[in-house]
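Asks: Any chance you can model this:
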Amino acid sequence: MAEITAALVKELRESTGAGMMDCKKALVDTDGELNAAIDLLREKGLGKAAKKADRLASEGLVSVCVDANCKVVTVSEINAETDFVAKNEGFINLTQDTTAHIQATGVESVESLMSTTINGTSFEEYFGSKIAMIGENLVVRRFATLKAGTNGVVNGYGHSNGRVGVAISASCDSEKTAIAAAEFIRNLCMHAAAMKPVYLCYTQLDAEFIEKETIGIKADIEKENEELKRLQKPLKRMPLFVSQAQLTPEIMAQAQKEMEDELRAQGKPEKIWDKIIPGQLERFIADNTQLDQQYTLLSQFYVMDDKKTIAQVVADKAKELGGTIELVDYVRFELGEGLEKRGCDFASEVAEQLK
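Replies: Numbers count the residues shown, from 1 in each chain. Predicted coordinates:
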């Protein structure tokens with residue numbers, strides 16, 4: 001039996017928001033396995049899913065560089081020891097110059113970047129000189145470049161605080177549509193910066209993840225309904241599903257049949273069903289894709305028109321421009337993502353990466 005320390009209970013509580021005794025019991029039940037305890041609390045509706053961002057050190061800057069023709073966009077994250085450095089003009093210039101250099105050279109890994117040449121010297125030496133000048137350990141942690149294909153367009157958005165950067169690429173029917181869609185793609189990047197989708201489309205969610213989150217979402221609603229019932233307020237509807245990946249053709253056909261049966265029972269003439277059922281099907285999909293709406297860009301409701309999903313506003317924009325637009329790739333970096341605190345300071349984490 002693993003020792004359940006106060007520090008472990010505190011970490012679980014901070015990660016999930018669950019009560020202290022619930023956290024301790026979950027750790028006992030899972031023999032001190034933190035991730036298993038998080039899942040257990042999630043399944044019981046006692047805590048929200050852990051968000052890594054709540055447990056991360058986040059020093060440095062995320063930078064975005066878009067070429068003049070909206071054909072190439074690069075996003076990079078460079079970490080530093082303290083938040084003071086992120087406000088240093090020399091560090092700001094370093095992040096911008098590095099991102100532009102990554103784009104110009106087309107490198108795909110940090111190792112490749114270090115062997116390139118910049119201003120007549122190796123990038124590794126150049127970067128080392130900046131470390132010496134700024135006086136802190138720095139690290140190019142990660143970067144990604146998206147390129148537009150034939151009749152394609154890319155754009156990006158970096159938030160003013162340097163903590164979030166987004167890039168999106170799209171394929172269009174013509175160069176004319178691609179050019180006209182550039183600003184629209186940037187607006188979608190701004191949406192993603194705020195709403196934090198992890199994936200582009202629900203097809204990227206794996207079955208195990210969907211199954212686990214189905215249990216968690218339903219448990220959350222059950223807990224909320226207990227409180228709503230106590231307050232004598234309307235209860236939230238329990239979804240049958242949480243992702244469009246679960247909405248097979250058979251399930252959609254059954255849903256439509258039930259809608260038709262209800263309209264028939266209400267005495268609605270069949271000649272107007274085609275005006276009613278599409279809207280009901282849209283509502284059915286919206287009610288049963290909560291997971292997609294949280295994690296995938298195309299299924300989220302657009303911040304500038306919350307009656308429509310991103311997929312719908314993309315289709316509307318394509319129709320407005322007289323062409324087609326398909327989002328094909330998406331990258332979102334949030335500063336410090338994946339750098340977990342492990343009882344040491346961020347300087348130590350950066351130093352570990354530089355070894």
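Asks: so the residue of the chain positioned farthest from its centre is in which element?
Replies: Distance from the centre of the chain peaks at G267, with 45.1 Å (C-alpha atoms, centre = their mean). Assessed by DSSP states H and E, G267 sits outside every helix and strand.
Asks: K307 contacts F301, correct?
Replies: Yes - the criterion here is C-beta atoms under 8 Å, and K307 meets it with F301 at 7.4 Å. C-betas here are computed from N, CA, C, even on glycine.
Asks: what number of residues lie near the nearest residue to G216 once chain neighbours are set aside?
Replies: Nearest residue to G216, sequence neighbours excluded (C-beta to C-beta, 6 or more residues apart in numbering): R42, at 4.2 Å. Other residues lying near R42 total 23 when counted by other C-beta atoms under 10 Å.
Asks: distance of R42 from I215?
Replies: To I215, R42 is 8 Å away according to C-beta to C-beta, to the nearest Å.
Asks: following the helix or strand encompassing A219, which helix or strand comes up?
Replies: According to DSSP H and E, A219 maps onto helix 207-230. Per DSSP H and E, helix 207-230 leads on to helix 249-265 as the next helix or strand towards the C-terminus.
Asks: Show me which residues of the helix or strand just after that next one are buried.
Replies: On the C-terminal side of helix 249-265, the nearest following helix or strand under DSSP H and E is helix 273-287. By 16 or more other C-beta atoms under 10 Å, the buried positions in helix 273-287 come out as W273, I277, Q280, F284, I285.
Asks: cool, and stretch 235-246?
Replies: Those would be P239, F241, V242, S243, Q244, A245, Q246, for stretch 235-246 by 16+ other C-beta under 10 Å.
Asks: do the same with stretch 321-330
Replies: Buried-residue list, stretch 321-330, by 16+ other C-beta under 10 Å: L321, G323, T324, I325, L327, V328, D329, Y330.
Asks: how about the residues you listed in CSV, adding pLDDT?
Replies: Listed next are those as CSV, based on pLDDT from 0 to 100:
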residue, pLDDT
L321, 98
G323, 98
T324, 98
I325, 98
L327, 98
V328, 98
D329, 98
Y330, 98
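Asks: about what we covered before: out of the buried residues of stretch 235-246, the closest to E258 would be?
Replies: Proximity of the buried residues of stretch 235-246 to E258 (C-beta to C-beta) peaks at F241, which lies at 14.5 Å.
Asks: if we can go back for a sec, now what about the helix holding A219, what contacts it?
Replies: Helix 207-230 has contacts (C-beta atoms under 8 Å, 6 or more residues apart in numbering) with 39, 42-46, 48-49, 234-236, 238-239, 241-243, 245-246, 290-291.
Asks: before we move on, what about stretch 303-320?
Replies: Counting by C-beta under 8 Å, 6+ apart, 172, 177, 181, 184, 187-188, 191, 194-195, 293, 297-302, 324-327 sit against stretch 303-320.
Asks: How far off centre is it?
Replies: In terms of C-alpha atoms, centre = their mean, to the nearest Å, the centre of stretch 303-320 is set 19 Å apart from its chain centre.
Asks: what do you get for stretch 7-27?
Replies: Centroid separation for stretch 7-27 versus its chain: 25 Å, with C-alpha atoms, centre = their mean.
Asks: Show me what counts as buried in it.
Replies: By neighbour count on 16+ other C-beta under 10 Å, the buried set for stretch 7-27 is 8-9, 11-13, 15-16, 18, 22-27.
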